[in-house]
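Novice: predicted structure and sequence below. I'll ask about it afterward.
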There are 4 protein chains.
Amino acid sequence: MAHIGPHTRGVYIISVTPFIEEGDIDWASVDSLVEFYIEKGVSGVTILGMMGEAQKLAEAESAAFAKYFIERVAGRVPVIVGVSHAGIDNLVALSKSVMDVGAAGVMIAPATGLKTEVQIRDYFGAVFKRLGPSIPVCFQDYPLGTGVNISVPTFLQLVDEHPSLVMFKHEDWPGLKKLQQVRRACDGKARRRISILCGNGGLYLPQELHRGADGAMTGFAYPEMLVEVCRKFFDGRSDEAEDLFDIYLPLVRHEQQIGVGLAIRKEILRRRGAIRSAAVRAPGPRLDSDDVAELDRLMQRLERRLSAGRGRASDIAA
Amino acid sequence: MAHIGPHTRGVYIISVTPFIEEGDIDWASVDSLVEFYIEKGVSGVTILGMMGEAQKLAEAESAAFAKYFIERVAGRVPVIVGVSHAGIDNLVALSKSVMDVGAAGVMIAPATGLKTEVQIRDYFGAVFKRLGPSIPVCFQDYPLGTGVNISVPTFLQLVDEHPSLVMFKHEDWPGLKKLQQVRRACDGKARRRISILCGNGGLYLPQELHRGADGAMTGFAYPEMLVEVCRKFFDGRSDEAEDLFDIYLPLVRHEQQIGVGLAIRKEILRRRGAIRSAAVRAPGPRLDSDDVAELDRLMQRLERRLSAGRGRASDIAA
Amino acid sequence: MAHIGPHTRGVYIISVTPFIEEGDIDWASVDSLVEFYIEKGVSGVTILGMMGEAQKLAEAESAAFAKYFIERVAGRVPVIVGVSHAGIDNLVALSKSVMDVGAAGVMIAPATGLKTEVQIRDYFGAVFKRLGPSIPVCFQDYPLGTGVNISVPTFLQLVDEHPSLVMFKHEDWPGLKKLQQVRRACDGKARRRISILCGNGGLYLPQELHRGADGAMTGFAYPEMLVEVCRKFFDGRSDEAEDLFDIYLPLVRHEQQIGVGLAIRKEILRRRGAIRSAAVRAPGPRLDSDDVAELDRLMQRLERRLSAGRGRASDIAA
Amino acid sequence: MAHIGPHTRGVYIISVTPFIEEGDIDWASVDSLVEFYIEKGVSGVTILGMMGEAQKLAEAESAAFAKYFIERVAGRVPVIVGVSHAGIDNLVALSKSVMDVGAAGVMIAPATGLKTEVQIRDYFGAVFKRLGPSIPVCFQDYPLGTGVNISVPTFLQLVDEHPSLVMFKHEDWPGLKKLQQVRRACDGKARRRISILCGNGGLYLPQELHRGADGAMTGFAYPEMLVEVCRKFFDGRSDEAEDLFDIYLPLVRHEQQIGVGLAIRKEILRRRGAIRSAAVRAPGPRLDSDDVAELDRLMQRLERRLSAGRGRASDIAA
C-alpha cells in the first residue's frame, strides 16, 4: 500500500464511525460510507480520529473497524488511522496492527496532560523510538481538544529529529500564522518538506490554502466541496474555489460546533445515503426537533444556493 | 437615561477602545467611532467589554473613557458598561460611577476561578447584594473566555433571585440549545422575561434569532449588517435576513478568530474611517503583511459580493 | 462476595499495577502485593484507579488483571474496580465483567469534558440506567484529575436518584467543607447514608476523619499507617491517631506529588518487598539519582522517627 | 535602597494585605504586620502577590499600600512588589512607581492566556523592553495559578536575554527537578547565577534547599520557622532544619489549601497579634465554626509539639 509522505495533498476525509441505533458498529454502513467518500473524490481517508469516536470504541472494535475499512477501500485511496492513546504501548500496538493490514500511516496527537514543550518533545521521542523508522506519522495539532500547545520551533525540532514524521495536521485555532510558519520552515530547501493538511471542519480552508496548506483533513459532510475547492485552488482558480466554498460556509460553520456538530454531520450523511443511522455513541449529542428543523432550513438554503449558483457561479467569480 | 430592561432588543455593538500608536486612548477616534456606530443604526453600545481591552486599561482610564463615551453618545442610544473585576469592591465602585454618568446598565461575567455552580450563585449573590436593586445587570455567559460554565437551571435561579438581572449575553459555544432553553424558561409567563442578546462575533446570528434571541451584542466591524439582519428578521423576512448575513459570513468568521480577530476588527474599522489607528494595546495581536493581504482579499470579495448581490438579492431569497 | 455499601469504612488501598521493566504486568508481583496489602490490615482494595495506571492498560489486560487480583484476594477483603472510560458502553462492559468475577463494586469518575452540573447529572443518569440497580457504585470526585467540578447539591441529586450510588470518594482539593456537607446531608436520617472514603494521598486524613469520613481510599506506600490512624480514630483516640499520622506526614506529602509521586510510591513498595520493580508504564515518571537520594533521606528520617516514637508516642500524645 | 540580585537568599515573606471587616485596608495593621515580619527575622518581604489579594485592590490602593509598606519597613529589609497585570502599560507604570518609592525589585508572572513557550518569551521580551535595564525582576513560575507552563530551556533563554531577570520564584508543582535544573544551569559558571526562592507555602522547603534553593518566598503564618529552617540548613545542620520543619508541617500543609488557606493564614496572623482582623476581601473565603475548631486543634497540637520538642529536639535529630 502507498504510504503518506511529504508530498501528500488533497482531501483526507475524517471518517465517521457508523453505528446502529443500539450502538454497535453498523458494518453495512461502513460499506456505503466508503463508497460515498470515494465517489466524492477524496484523496484519502482518516479513520479513528476524535470525530470518529475512537475513544468510545473497545480496542477490539477499533482493530476490527480499521481492518474492515481498509479492506473495503481496497487500495483505492490511502487510509490514515488515528492511534492516540494514553499509554504508549497501546499506541504502538495499534499502530503496528493497522500498518499490517494496509494503513498508509498513523495520526498521533500529544497525550493530554503534557504541559511544557520539553514534555511534548520527550513524549514524541519515546513514541518515535518505539514506532521505529518505517511507520509514517501525521502529527495532530489540536489544542482545543487535547489541551496541549506546541509552538513552531518545538514542532520543527520534532521534524528534525524524526524522519518518519511526514505530515502536520493543522488544527490549532486561530492558527493561520502557525500554518504558514510551518510551511515556510518545511519548504524542502532549508528543511525537508512535510505535508500539511488542515482540520477545524474546514472553516478557513481557502485562507489555509493561500497560506500553503496541501489540502484538508476534516470530515465535512459534503466532501465534494472540499475536493472541488482544493482542485480549483491548485488549478490556479482560487477565487472560484472560494466562491464555491462560501456557498457551503453556512453549513461548514454549523457543523463546526464542537459536540453537537458530530450529530449534525452524521445526520447529513444519513440524509445523503452514506450511512443508515445518525446514532452517536453515549456519551454523545442527539438532535432534538429544534435542531432538526434548523438543519432542514440550512440544507434547503444550500440547495437553493447551489441551484442559483449553477446559473451564474462564473460571473460571481468574475 | 433609559435603562436596559427585559424587552431590550436589536444590536448592542461591542465597542472597541481606540488607541493611538503609542498606546494612549485616542479621544478623537472615540468621537468618530461613536458617530460611526450610531450612523450604522445600532440600538445601543456596550463598552469596556473583553474586546474593548478593558482589562488593559488603568482604572482611571476606564472611568474617563466611560464618561467621555457616554457624553458623546448623549442619550441617542443606551450604553452598557462592562464592569467585571476580580474584586467585588472594584466591580461595585465602577458600576456606581458609570451609572452616575448615564450608563444604561452594567455587564458582569462570573469571575475566573469559580468552579461549581454553587460558587457562581454565591458570587452573584454577593455582587447583587452590593449593587443594590437599581442597577440593571446583563449576565455575560462566555465560558471560552472565563473558564466558568453555568447550566440553565442555575442561571434561572439567578433570574429568580435577582430582579435587576434583566439581560443574558449569550456567548457559550456551542450554545444554541442553551439560548433556546433560557428563552423558553424566561418567556414572561412561567417566569419573567429577560432580554437575550448574542455574542460570539455573530457567527450564528440567524440561528440565534430563530431560537428566540432579541438581537446581537457583538462587535463585528460592519454593524449595519447586524442591524439589517435583525430588522429583516423581526419584520418576518428571515430568509432575506439570512441571505444578507451569508454575504458577510466569510468576514464574520474571519473576525471571529480569538486573539488576532481584534486586530482584524480594528483594521477594518480603521479602513472604514471609524478610528484612526488599528493599534491594540500590549500584549496584543498585530497584523503582518500576510494578514493584511488576506484581509484585502476578503474585503474585496465582500465588495464584489455586495455589488453583485444588489442586483439579485431578491431572487436568491426567493 | 460482599458488596460495598453505605456503611463501608476503613482503608481501601488504591493498588498500584506492578510491571516488569519491559512493561508487561508482573503477575508474580501481583501475588506479593496482594499479600502485602492484606497483611497491613486494609479493609479493602481498589484496583484500576488512576494511580493504578488503568488508562495505560489494554482492555484485555485490565480484565485479566482484575480477574487475577480478585482471585488472589479470594474474598478476604472486598475489591473495588475503577471502570471510568470515555465511552459508556465500555464502562458498562468492564463493570459487568468485573462484577462477574467477584468485584465488590465499581468506581466511576465523571468523564473528562463535562462542563456543567446538568451535564454531569445527565451523564450519570445514562451510566446508572445502563449499569442497572445491582452494581454498587463509588463516585470519584477528583476535579484536579478530571477537570470536572460538582457542587454538593448536584451530588445529592445523584444520591437521591440512584440508589446504587453508595460511596463518595472524596478527592476534591481543598475539600474539607465539601466532605462535611456531604456527610451531614447523607446522615441516614434526612437522607440515606453513603460511605465516604478520602483520597488525595491521605494528606488531610485526620481532618477528614474529624469531618466525618469513614476512612481512606488512597495508595500511600505505608498502608499500615492509614489503617492504624483510622483504627485509633474510630476507637476515640484521635490525638494518638494524628500523632502517628504526623510521623509519616513528610512522606505522605512527598508521595503526593502528582506525576512523580507514582514513581516514588512504587519505589517504596519495591523497597518494602511488595513488588519486584518500580517500573511505571510510558509515558510515566522515572526517578533519577537525585530523586533516589532524596527518598533515601526521607525514608531514613521516618525510620529514625519511628524508632524514637516507639519510646514515647504516649507522652507526645498526652 | 538595596536591590534584589543573583545572591539574594533567605526568607522573603509573602505579606498579606490586612483589611478591616468592612473591607478597607487596615493601615494600623500594616504597621503591626511589618514589625511582626521583621521581628521574626525575615530577610525581605514581597507584597502585592496573589496571596496579598493584589487583584482585588484598586490601583490607587495598590500604589498607596506599596508606598506605605515600604516606608514602614524603612530600609530594614528589601521589599519586592508583585506587579503582574493583564496590560503591559499598567505593569510598567506600577513597576516604576514602586521602584521610585524604594522597592527592591518587582515580581512578574506570565500573563494568563499565554499558551506556547514562544508566546511566553515574546511576552517577557516586550515586558523587559518596556521596563528598561535597571529594574530587577523576579520571575514567578506558578502554573497552578496562572495556567501558564514554561520549561527549563525557555526559562534559561529568558535569563540569557534579560540581564535584569535576577530571581526565579519557584512555584511549579511538582517541581523539585525543575528547581534543580534551573539551579545547575544558572550556577554562576556556565551561566550567570540567579537567586531561587521557593513558594507553594513552603510545603517542600527542606527538599528545595537540598536541591539548591536560596530560600523561601511564601507567606506561612509562622515566618520564624521558615527563617530558622533556612538558617540551620545554611549552617550545615540540614537534619535539624528538617526536624524543626516537620514539627510545623501539619500546619504548613493546612495553610496550603488553595482558597481557604488564605483565610487560615490571616486567622493565625490575627491570633498571633500581627493583624487585627482576618477579613479577606470578596470574593474570598471565610472560616466557619468547623474550620475554626479544626484550626484550634492544629494550633494546640503545634504548641504541644513545640513544648515537647524543646526538651528533646536534639535527640530526635541525632
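Specialist: Thanks, I have it.

Novice: tell me, how many residues neighbour A:P153?
Specialist: 15 (other C-beta atoms under 10 Å in any protein chain shown). All C-beta spots, glycine's among them, are computed from the backbone N, C-alpha and C.

Novice: kindly report the same for A:A282.
Specialist: Neighbours of A:A282 under the rule other C-beta under 10 Å: 18.

Novice: that one contacts C:F124, correct?
Specialist: No. A:A282 lies out of contact with C:F124 (C-beta atoms under 8 Å); the separation is 11.8 Å.

Novice: tell me which element A:V106 is part of?
Specialist: According to DSSP states H and E, A:V106 maps onto strand A:105-108.

Novice: quick one: is that strand near chain C?
Specialist: No. Strand A:105-108 does not reach chain C (C-beta under 8 Å from any C-beta of the partner chain); its nearest approach is 12.3 Å.

Novice: please name the residues that touch the closest residue to A:V148 other than its chain neighbours.
Specialist: Nearest non-adjacent residue to A:V148, counting by C-beta to C-beta, 6 or more residues apart in numbering or on different chains: A:P110, 4.3 Å away. Taking C-beta atoms under 8 Å, 6 or more residues apart in numbering or on different chains, we find A:P110 in contact with A:I120, A:Y123, A:F124, A:T146, A:V148, A:I150.

Novice: same question, A:Q256
Specialist: Going by C-beta under 8 Å, 6+ apart, A:Q256 touches A:N200, A:G201, A:G202, A:L203.

Novice: out of those residues, which is most surrounded?
Specialist: A:G202 (27 neighbours).

Novice: hang on, A:V148 packs against A:R121?
Specialist: No. Contact between A:V148 and A:R121 fails when scored by C-beta under 8 Å: they sit 11.7 Å apart.

Novice: now do the SS call for the residue nearest to A:V148.
Specialist: The three-state assignment at A:P110 reads coil, by DSSP: H, G, I helix; E, B strand; the rest coil.

Novice: spell out which parts of the stretch 151-300 of chain A neighbour chain B.
Specialist: Near chain B, when you scan the stretch 151-300 of chain A using C-beta under 8 Å from any C-beta, you find A:173-174, A:176-177, A:180, A:203-204, A:207, A:210-211, A:239, A:242, A:246, A:249-250, A:253-254, A:257-261, A:288, A:290-291, A:294, A:297.

Novice: of those residues, buried ones?
Specialist: A:173-174, A:176-177, A:180, A:203-204, A:207, A:210-211, A:239, A:242, A:246, A:249-250, A:253-254, A:257, A:259-261, A:291, A:294, A:297 (16 or more other C-beta atoms under 10 Å in any protein chain shown).

Novice: skipping its backbone neighbours, what lies nearest A:I4 in space?
Specialist: Residue nearest to A:I4 in three dimensions, not counting chain neighbours: A:G105, with 4.1 Å by C-beta to C-beta, 6+ apart.

Novice: residues near that neighbour, how many?
Specialist: 30.

Novice: what does the one 4 residues further on give?
Specialist: The number of residues packed around A:A109, counting by other C-beta under 10 Å, is 23.

Novice: contacting residues for it?
Specialist: A:S84, A:F139, A:Q140, A:D141, A:Y142, A:G145, A:T146, A:V148.

Novice: would you say the second one is within a strand?
Specialist: This means A:F139. Yes. Assessed by three-state DSSP, A:F139 belongs to a strand.

Novice: A:H170 is in contact with that one, correct?
Specialist: No. Checked against C-beta under 8 Å, the pair A:F139 and A:H170 is beyond contact range at 9.5 Å.

Novice: neighbour-wise, which of the two wins?
Specialist: Per other C-beta under 10 Å, whichever of A:F139 and A:H170 has more neighbours is A:H170, with 30 against 24.

Novice: which residues does that one bridge with?
Specialist: A:D141, A:C198 (DSSP bridges).

Novice: contacts only, for it.
Specialist: A:D141, A:K178, A:L179, A:V182, A:I196, A:L197, A:C198, A:G199, A:E208, A:A213.

Novice: one more: A:A93?
Specialist: C:A58.

Novice: for A:I13, same thing?
Specialist: A:I13 sits next to A:Y37, A:K40, A:V42, A:G44, A:V45, A:T46, A:M217, A:T218, A:G219, A:P223, A:L226 when contact means C-beta under 8 Å, 6+ apart.

Novice: which residues sit against stretch A:117-127?
Specialist: Contacts of stretch A:117-127 (C-beta under 8 Å, 6+ apart): A:88, A:91-92, A:108, A:110-111, A:114, A:139, A:148, A:150-151, A:154, A:157-158, A:161-162, A:165, C:282-283, D:116-117, D:151-154.

Novice: helices or strands up against the helix or strand hosting A:R231?
Specialist: Per DSSP H and E, A:R231 falls inside helix A:223-234. Here helix A:223-234 touches strand A:10-14, helix A:205-210, strand A:215-216, helix A:238-255, going by 3 or more C-beta pairs under 8 Å, 6 or more residues apart in numbering or on different chains; DSSP states H and E.

Novice: need the ones you listed in CSV (columns: mean pLDDT).
Specialist: As requested, those are arranged in CSV below (pLDDT from 0 to 100):
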stretch, mean pLDDT
strand A:10-14, 98
helix A:205-210, 98
strand A:215-216, 98
helix A:238-255, 98
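
Novice: nearest to D:I80, of the ones you listed?
Specialist: Nearest to D:I80 among the helices and strands packed on helix A:223-234 is helix A:205-210 (45.7 Å), distances taken as C-beta to C-beta.

Novice: which helices and strands does that closest one pack with?
Specialist: helix A:176-185, strand A:215-216, helix A:223-234, helix A:238-255, helix B:289-317.

Novice: report the distance from it to the chain centre.
Specialist: Chain-centre distance of helix A:205-210: 15 Å, with C-alpha atoms, centre = their mean, to the nearest Å.

Novice: what lines up beside the strand holding A:V106 in the sheet?
Specialist: strand A:79-82 (parallel), strand A:137-141 (parallel).

Novice: need the winner for burial among those strands.
Specialist: Highest mean neighbour count among the strands paired with strand A:105-108 (mean count of other C-beta atoms under 10 Å in any protein chain shown): strand A:79-82, with a mean of 29.

Novice: what residues sit buried inside stretch A:289-309?
Specialist: Of the residues in stretch A:289-309, those buried (16+ other C-beta under 10 Å) are A:D291, A:E294, A:L295, A:R297, A:L298, A:M299, A:R301, A:L302, A:R305, A:A308, A:G309.

Novice: report the contact partners of the fourth one.
Specialist: Each residue near A:R297 by C-beta under 8 Å, 6+ apart is listed here: B:H210.

Novice: could you do the fifth one as well?
Specialist: Applying C-beta under 8 Å, 6+ apart, one finds that A:L298 lies in contact with A:P250, A:L251, A:H254.

Novice: good, wrapping up.
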